[in-house]
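Engineer: how would this look folded up:
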Amino acid sequence: MSSDDNPNRPQRPARRGFLKAGGAAVAAGASLGASGLTQAAEAKHRAPPAVDPMSAVEPFYAAHQGGIVTPQQAHTYVAAFDLTTTSRDDVIALLRQWTDMAARMTQGQSAASLDNGKDDAPAPDSGDVLGLGPAALTVTFGFGPGLFMSEGKDRYGLAHLRPAALVDLPRFNGDQLVAEKTGGDLYVQACANDAQVAFHAVRQLARQGYGKLHMRWGQAGFLSGPRNQTPRNLMGFKDGTNNPPTSDPKAMNEFVWATAADAPWMQGGTYTVVRRIRITIEHWDQMELGFQEQVFGRHKYSGAPIGQAKEFDTVDLTANDKDGNPLIPENSHVRLSNRASNNGAQILRRSYSYNDGTNFYIERWPPWRQETEYDAGLIFIAHQADPRTGFIPINEKLAKFDMMNQFTTHVGSAVFACPPGAKPGSYIGAQLFEA
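Structural biologist: Here you go, the predicted structure:
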């Protein structure tokens, strides 16, 4: 989960101290003169000017959709919609419009040409990001189970094309799912280097669907950490260190891109699981540093596995301490989620933190407080070739045994089939509707 080791970090408490903490947790331009030549020489050794993140552009039309292996932007707005139209043609028309609008917005243009505006009709674009730039915007689309079958009805003649991998997620141990934050027929994930740009993209797509759909849930998120380093979550730990390398086509083909023969229209797409995970920050912040590190199985400041020095050092699950106990605890997050503990399975995490202010909560672990607390946590987003061999078995183990469960609650959940990228002149999901 990347930065250099901090030599001033507190030392990790002894194992006895950890056990004590664990027990407490459960109970509680001019001519060049001489100076000009010097300046020129110095300039050669300076770092090149950073690219303005607001001017960065990500391609929309490609073999794969953007926002999956794209370097993670600073902000996201994710949303799910329920379709209300019963017309297949309406859905196709909407996807065509969404594709055109997304392609424009990712290039820093308005959602539709402003030249088409009329005084007696809604504006082609809300106008709130005019002049801001593309900000590396990506827009990713996905299809939920309800697109194929809803309330026992095959509304759009697609039921026979539902991939076997697009399974309904099981109920996991400890789930406290809220219906208003779960599911959805259509998924939109906008990521950008500016929060307003990401929200604007979803807003324009939603207004275009007026009368054909309604929003089921939406969530804003942000990253914490320097660019080009593994981001930290609100618990202060690096999040995503053990991701499969997105620069390795072999790894992506094995773990991320869909290849199942039963759904050729999904070839080059991915299956995305979204979970809204509330973190009891107040409880977590009272835990001793050594205990926090045992929960994760990593050192907090360096991100290194316990017993190692650097973030990307190998996780050694066989190492024992001087007493013969596993150096990385049996119920630590790292051990339980590691591919060595899951038959070699991996998923591509692309998560964001969220902060929705405060709310009144009753804690589900000691000290079982009832009070106003932060409504903050993690928008867990994971891409994989098949949830049946990726997220589901991994999370079943985590839900039962992970020490982190005493600080987290899964309150929202959804799964989507994100098709491959669109070609110019076509639209997202064309392979499905033209199958």
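Engineer: tell me how far stretch 82-93 is from the chain's mean position?
Structural biologist: 27 Å (CA atoms, centre = their mean, to the nearest Å).
Engineer: Go through it and flag the buried ones.
Structural biologist: If you call a residue buried by 16 or more other CB atoms under 10 Å, then stretch 82-93 has these buried ones: 82-83, 85, 90-92. Just so you know, the C-beta spots here come from the backbone N, C-alpha and C atoms, and that holds for glycine as well.
Engineer: Just the residues you listed: which are in strands?
Structural biologist: Of these, the ones assigned to strands by DSSP state E are 82-83.
Engineer: the helices in the stretch 251-400 of the chain, which residues?
Structural biologist: With helices called from DSSP state H, counting those that start in this stretch, the stretch 251-400 of the chain shows them at 281-284, 289-296, 333-337, 391-401.
Engineer: Show me how far the third one is from its chain's centre.
Structural biologist: Looking back up the chat, that one is helix 333-337. Put simply, helix 333-337 sits 19 Å off its chain's centre (CA atoms, centre = their mean).
Engineer: Alpha carbons of that helix, as PDB, please.
Structural biologist: The C-alpha trace of helix 333-337 is given here as PDB (Å, rounded to 0.1, in the frame of the first residue of the first chain):
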ATOM      1  CA  HIS A 333      -5.800  -8.500   6.200                       C
ATOM      2  CA  VAL A 334      -2.600  -9.000   4.200                       C
ATOM      3  CA  ARG A 335      -2.400 -12.800   4.900                       C
ATOM      4  CA  LEU A 336      -6.100 -13.400   4.200                       C
ATOM      5  CA  SER A 337      -6.200 -11.400   1.000                       C
END
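Engineer: Summarise which helices and strands that helix is packed against.
Structural biologist: If contacts are counted by 3 or more CB pairs under 8 Å, 6 or more residues apart in numbering; DSSP states H and E, helix 333-337 sits against helix 289-296, helix 391-401.
Engineer: Please report how far residue 78 lies from residue 391.
Structural biologist: 16 Å (CB to CB, to the nearest Å).
Engineer: neighbour-wise, which of those two wins?
Structural biologist: With neighbours defined as other CB atoms under 10 Å, residue 78 and residue 391 compare such that residue 78 has more, 28 against 24.
Engineer: Could you check the pLDDT of that one?
Structural biologist: According to the predicted model, the pLDDT of residue 78 comes to 98.
Engineer: what lines up beside the helix or strand hosting it in the sheet?
Structural biologist: In the assignment (DSSP states H and E), residue 78 maps to strand 75-83. Here strand 75-83 has these sheet partners by DSSP bridges: strand 186-192 (antiparallel), strand 213-222 (antiparallel).
Engineer: Residue 66 is nearest to which of those strands?
Structural biologist: strand 186-192 (8.2 Å; CB to CB).
Engineer: Mind listing residues that contact the closest one?
Structural biologist: Outside strand 186-192, the residues that touch it by CB atoms under 8 Å, 6 or more residues apart in numbering are 67, 70, 72-83, 98, 134-144, 147, 197-199, 201-202, 205, 213, 272, 274, 381, 414, 416, 418.
Engineer: what packs against the strand ranked longest in the chain?
Structural biologist: Secondary structure assigned by DSSP E gives strand 370-384 as the longest strand of the chain. Judged by 3+ CB pairs under 8 Å, 6+ apart, the packing partners of strand 370-384 are strand 75-83, strand 270-279, helix 281-284, strand 348-349, strand 352-362, strand 408-418.
Engineer: and the angle from the fifth one to strand 186-192?
Structural biologist: By that I understand strand 352-362. 120 degrees (axes from the mean of the first three to the mean of the last three CA atoms, to 10 degrees).
Engineer: Rounded mean pLDDT for strand 352-362, please.
Structural biologist: Mean predicted lDDT for strand 352-362 stands at 94.
Engineer: what do you get for the shortest one?
Structural biologist: Strand 348-349 comes out with an average pLDDT of 98.
Engineer: The second one now?
Structural biologist: Here the mean pLDDT over strand 270-279 is 98, rounded to a whole number.
Engineer: Partner strands of it, with direction?
Structural biologist: Using DSSP bridges, strand 270-279 pairs in its sheet with strand 370-384 (antiparallel), strand 408-418 (antiparallel).
Engineer: Mind listing what's buried along it?
Structural biologist: 270-279.
Engineer: gap between residue 289 and residue 374?
Structural biologist: 20 Å.
Engineer: okay if I get the strands paired with strand 75-83 as TSV plus mean pLDDT?
Structural biologist: Shown next, in TSV, are those (pLDDT from 0 to 100):
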stretch	mean pLDDT
strand 186-192	98
strand 213-222	98
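Engineer: and these, which is most packed in?
Structural biologist: Comparing those by mean neighbour count (mean count of other CB atoms under 10 Å), strand 186-192 comes out on top with a mean of 28.
Engineer: Quick check: residue 311 touching residue 301?
Structural biologist: No - the pair residue 311 / residue 301 is not scored as a contact, 10.1 Å apart, by CB atoms under 8 Å.
Engineer: Point out where this structure drops to low pLDDT.
Structural biologist: Counting by pLDDT under 70, the chain contains low-confidence residues at 1-50.
Engineer: quick revisit: if any of the contacts of strand 186-192 are buried, put those into a ChimeraX selection.
Structural biologist: In ChimeraX, this line selects whichever of the contacts of strand 186-192 come out buried by 16+ other CB under 10 Å:
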select :67,70,72,73,74,75,76,77,78,79,80,81,82,83,98,134,135,136,137,138,139,140,141,142,143,144,147,197,198,199,201,202,205,213,272,274,381,414,416,418
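Engineer: which residue sits closest to residue 268, ignoring its sequence neighbours?
Structural biologist: In space, and not counting its chain neighbours, residue 268 is closest to residue 420: 3.5 Å by CB to CB, 6 or more residues apart in numbering.
Engineer: Would you quantify the distance from that neighbour to residue 429?
Structural biologist: 9 Å.
Engineer: Which one's more surrounded, those two?
Structural biologist: residue 429 (27 against 21).
Engineer: Next, give phi and psi for the more buried one.
Structural biologist: Phi and psi for residue 429, reported as degrees, to the nearest 10, are phi 90, psi 10.
Engineer: Let me see the contact set for it.
Structural biologist: Contacts of residue 429 (CB under 8 Å, 6+ apart): 95, 141, 143, 265, 419.
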